[in-house]
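J.: next input, structure requested:
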Amino acid sequence: MILLVTAAATYGLRVVLITLVPAHRLPAVMRRGLSHLAPAALAALVVTALVGSRGATALVVLGPMHLALAVAALVAWRFRNPALPVLAAVAVMTVLEVLS
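T.: Now for the predicted structure:
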């Protein structure tokens with residue numbers, strides 16, 4: 001029941017904010033913050049995938065995912081294309097999986 005109420009509230013907020021409040025009517029501070037929303041969400045997903053159930057020690061103990069993230073970071077820095085780092089990380093993880 002709690003999940004249904006939360007899902008309905010989230011859906012309602014999305015509908016209201018998208019349909020009733022267009023982006024050009026938002027305050028300037030909020031519009032500037034919107035440009036940082038996608039990178040922040042992606043960073044949260046990456047950290048969640050990296051840490052998982054192991055806790056904060058997963059950030060310190062190096063593993064194959066750290067190598068994939070490092071390669072993805074270098075590719076992102078070099079090419080400035082959002083798709084290439086994902087492909088590079090998947091390629092590194094695939095090679096490491098095949099080799100192990």
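J.: show me where the chain has strands.
T.: Ranges of strands in the chain, per DSSP state E: none exist.
J.: need the residue closest to the centroid of it.
T.: Computing the C-alpha centroid of the chain and ranking residues by Cα atoms, centre = their mean puts Leu42 first, at 1.4 Å.
J.: now Arg78: how far from Met65?
T.: According to Cβ to Cβ, to the nearest Å, Arg78 stands 20 Å off from Met65. (C-beta placed from N, C-alpha, C; glycine too.)
J.: so which of those two has more stuff around it?
T.: For Arg78 versus Met65, the count of surrounding residues by other Cβ atoms under 10 Å is larger for Met65: 18 against 11.
J.: need the nearest residue in space to the more buried one, chain neighbours excluded.
T.: Leaving aside its chain neighbours, Met65 sits nearest to Leu50 (5.6 Å; criterion: Cβ to Cβ, 6 or more residues apart in numbering).
J.: that neighbour touches Leu69, doesn't it?
T.: Yes - using Cβ atoms under 8 Å, Leu50 is in contact with Leu69, at 7.0 Å.
J.: those two - which one has more neighbours?
T.: Legend: neighbour count by other Cβ under 10 Å for Leu50 and Leu69, higher for Leu69 (18 against 15).
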